[in-house]
Every structure is written in C-alpha cells, then in structure tokens.
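Asks: With the sequence up front, the predicted model follows.
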Amino acid sequence: RAQGLRQISQRTISTASRRQLINRVPEKQKLFQEDNGIPVHLKGGVMDNVLYRITMGLTVFGTVYVFYVLTVASMPKKQK
C-alpha cells in the first residue's frame with residue numbers, strides 16, 4: 001500500500017505540466033530604483049496606494065478609538 005502511494009505521488013509530481021515563469025525581477029528593480037520622487041511603498045501602483053490608505057485609515061481609527069476607550073475607562077461610574 002505504501003509503495004502504491006509512493007508511485008502515485010512520484011507520477012503526479014513528475015508528470016505535472018511545468019509552467020514557464022517570466023523573470024520580472026529586472027523590471028521591478030528598474031521600477032523601484034527609479035528616482036521619481038514617489039515613496040518606495042507607493043511605487044507599485046494603484047493597489048499599493050489603496051492598501052496604504054486603508055492601513056492609514058485603520059491606524060487613525062484605532063488610535064482615536066483607544067483614546068476614547070481610555071477616556072471612558074478613566075471616568076468614575078455614576079452611582080444610582
């Protein structure tokens with residue numbers, strides 16, 4: 001049984017179609033090393049900009065929320 005599994009796994013790996021990957025590293029190096037005044041974390045395009053804005057928005061929201069919670073926690077409770 002173990003030998004059968006070994007044969008199946010070897011056959012699957014060895015007969016898998018190999019996809020040719022294009023080496024895009026030189027393109028990316030040229031893009032990220034270009035001196036165009038754009039911060040490196042935004043040079044990837046629109047998606048980098050969207051992720052940056054979402055991250056900054058969550059950071060600002062989180063900071064404001066923490067200060068709100070700390071303010072509420074520091075106030076004494078009203079007694080009935």
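Replies: Structure's in. What do you need? Just so it is clear, the structure is predicted and the values come from calculations on it, not from any experiment.
Asks: Going by neighbour count, list what's buried in the lengthiest helix in the chain.
Replies: Secondary structure of the chain read by DSSP state H shows that its longest helix is helix 46-74. Residues of helix 46-74 include none that count as buried (16 or more other CB atoms under 10 Å). No exception for glycine: its C-beta is placed from N, CA and C like everyone else's.
Asks: List the contacts of Asp48.
Replies: Under the criterion of CB atoms under 8 Å, 6 or more residues apart in numbering, the contact list for Asp48 reads 41-42.
Asks: Need the residue closest to the centroid of this structure.
Replies: Centroid check for the chain by CA atoms, centre = their mean gives Leu51 as the closest residue, at 8.3 Å.
Asks: pLDDT at it, what is it?
Replies: The score at Leu51 is 96. That number is its pLDDT.
Asks: Tell me how far it lies from Gly44.
Replies: Leu51 sits 9 Å away from Gly44, going by CB to CB, to the nearest Å.
Asks: mind checking how far the residue nearest to the centre of the chain is from Phe67?
Replies: With distances taken as CB to CB, Leu51 is found 25 Å from Phe67.
Asks: what does Gln7 give?
Replies: Distance of Gln7 to Phe67, given as CB to CB: 63 Å.
Asks: Quick check: next helix or strand after the helix-or-strand element of the chain with minimal mean pLDDT?
Replies: The least trusted helix or strand in the chain, going by mean pLDDT, DSSP states H and E, turns out to be helix 2-14, with a mean of 64. Stepping forward along the backbone from helix 2-14, the first helix or strand reached (DSSP states H and E) is helix 25-33.
Asks: Now that following helix: average pLDDT?
Replies: When pLDDT is averaged over helix 25-33, the result is 91.
Asks: who does that helix touch, helix- and strand-wise?
Replies: Here helix 25-33 is seen to pack against no other helix or strand when contacts are counted using 3 or more CB pairs under 8 Å, 6 or more residues apart in numbering; DSSP states H and E.
Asks: Not counting that helix itself, show me its contacts.
Replies: Applying CB under 8 Å, 6+ apart, the set of residues contacting helix 25-33 from outside is 40, 43.
Asks: Off-centre distance for it?
Replies: Helix 25-33 has its C-alpha centroid displaced from the chain centroid by 19 Å (CA atoms, centre = their mean, to the nearest Å).
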